[in-house]
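Engineer: this one's structure only:
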């Protein structure tokens with residue numbers, strides 16, 4: 001059985017406020033914690049009415065405070081949007097408050113549209129991608145208890161993310177391309193492939209990561225996670241219904257339409273036109289518990305990955321409590337039970 005973790009984009013439904021969506025995420029995180037899952041990671045996306053995961057460090061603080069033992073992290077912080085020192089300080093404070101429970105997954109995509117990305121970088125003319133390898137290395141060094149030494153002219157300065165750190169958050173590199181796989185290998189970092197986003201090229205990227213891996217002080221051997229979109233219900237027909245709202249959101253995004261708040265299941269079924277489901281969901285795992293557990297196991301074995309991170313994307317029926325995501329919680333419960 002592969003180790004099981006959760007990636008949460010914090011979807012916002014048409015029947016929810018932002019506050020409702022956050023409350024639903026805390027309930028989902030407590031469910032994952034109670035089930036004994038390994039990690040709970042929060043994404044970074046901006047200016048999207050259907051997604052509330054804009055600020056991973058703040059969300060990580062909320063989830064860590066609401067849970068007991070599960071590791072909490074970012075999936076990921078889009079580092080070109082931020083100063084490595086600022087992220088290091090935020091993550092180091094979280095590690096100080098919740099020692100041994102904090103991960104920081106780093107990505108290089110903007111997580112936003114070009115205008116929002118421009119504003120996030122305060123009008124900088126570069127996108128930060130060229131400096132990404134150096135920024136990752138800098139952040140990793142800043143998180144170590146002893147920090148780094150910075151030479152300026154004839155003087156050397158000690159720089160630490162926190163004054164008296166005794167442990168460091170674990171740094172992961174995220175990606176959906178050969179570039180990220182090779183960089184993670186060369187830096188000796190654990191690697192997460194966004195299979196839920198790309199859907200293709202997963203085998204090749206993970207093989208490249210292992211082939212180029214250089215052992216580091218923190219990681220002597222390659223370590224991988226793959227992420228998959230998952231919907232589990234008591235029967236396959238209900239699982240397909242619950243997958244429809246997210247499929248329609250992805251269809252609108254890819255066809256250049258406005259990404260509005262996520263529809264309820266009944267509204268998605270009544271809407272027209274119906275998106276090409278097979279094209280959108282070919283890499284998703286959607287079905288009853290037996291089918292889903294078999295597919296999760298098969299994916300982990302095919303990739304040889306150490307852990308599988310599921311993004312529970314089940315929609316909600318009309319009348320669901322606004323501050324909960326019952327079908328997302330049930331996806332985790334049914335899958336965990338079937339894998340036990």
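Structural biologist: Alright, I've got the coordinates. Predicted, not measured: the structure shown is a model, and the values here were computed from it.
Engineer: ok now do the most centrally placed residue in the chain, which residues does it touch?
Structural biologist: Nearest to the mean C-alpha position of the chain, by C-alpha atoms, centre = their mean, lies residue 75 at 2.9 Å. Residues in contact with residue 75 (C-beta atoms under 8 Å, 6 or more residues apart in numbering) are 7, 41, 42, 43, 56, 105, 174, 192, 227, 309. The C-beta positions use only the backbone N, C-alpha and C, and glycine is treated the same way.
Engineer: out of the residues you listed, who's nearest residue 144?
Structural biologist: Comparing those against residue 144 with C-beta to C-beta places residue 105 closest, at 17.8 Å.
Engineer: ok so, going back, where's the nearest residue to the residue nearest to the centre of the chain once chain neighbours are set aside, which helix or strand?
Structural biologist: Leaving aside its sequence neighbours, residue 75 sits nearest to residue 41 (C-beta to C-beta, 6 or more residues apart in numbering; 3.3 Å). In this assignment (DSSP states H and E), residue 41 forms part of strand 39-42.
Engineer: Spell out the secondary structure type for residue 222.
Structural biologist: coil (DSSP: H, G, I helix; E, B strand; the rest coil).
Engineer: doesn't residue 208 make contact with it?
Structural biologist: No - using C-beta atoms under 8 Å, residue 222 makes no contact with residue 208, being 10.8 Å away.
Engineer: Pull up the overlap in contacts between these two.
Structural biologist: Taking C-beta under 8 Å, 6+ apart as the criterion, residue 222 and residue 208 both touch residue 185.
Engineer: Model confidence for residue 333, exactly?
Structural biologist: What the model reports for residue 333 is a pLDDT of 98.
Engineer: Quick one: list the elements packing against the helix or strand containing it.
Structural biologist: According to DSSP H and E, residue 333 maps onto helix 326-339. With contacts taken as 3 or more C-beta pairs under 8 Å, 6 or more residues apart in numbering; DSSP states H and E, helix 326-339 sits against strand 3-8, helix 18-34, strand 224-232, helix 289-303, strand 307-312.
Engineer: With mean neighbour count, mean pLDDT and distance to residue 154 added, can I get these in JSON lines?
Structural biologist: Converted to JSON lines, the helices and strands packed on helix 326-339 look like this (neighbours: other C-beta atoms under 10 Å; pLDDT from 0 to 100; distance: least, C-beta to C-beta, whole Å):
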{"stretch": "strand 3-8", "mean neighbour count": "23", "mean pLDDT": "97", "distance to residue 154": "47"}
{"stretch": "helix 18-34", "mean neighbour count": "19", "mean pLDDT": "98", "distance to residue 154": "50"}
{"stretch": "strand 224-232", "mean neighbour count": "27", "mean pLDDT": "95", "distance to residue 154": "44"}
{"stretch": "helix 289-303", "mean neighbour count": "17", "mean pLDDT": "94", "distance to residue 154": "51"}
{"stretch": "strand 307-312", "mean neighbour count": "25", "mean pLDDT": "96", "distance to residue 154": "47"}
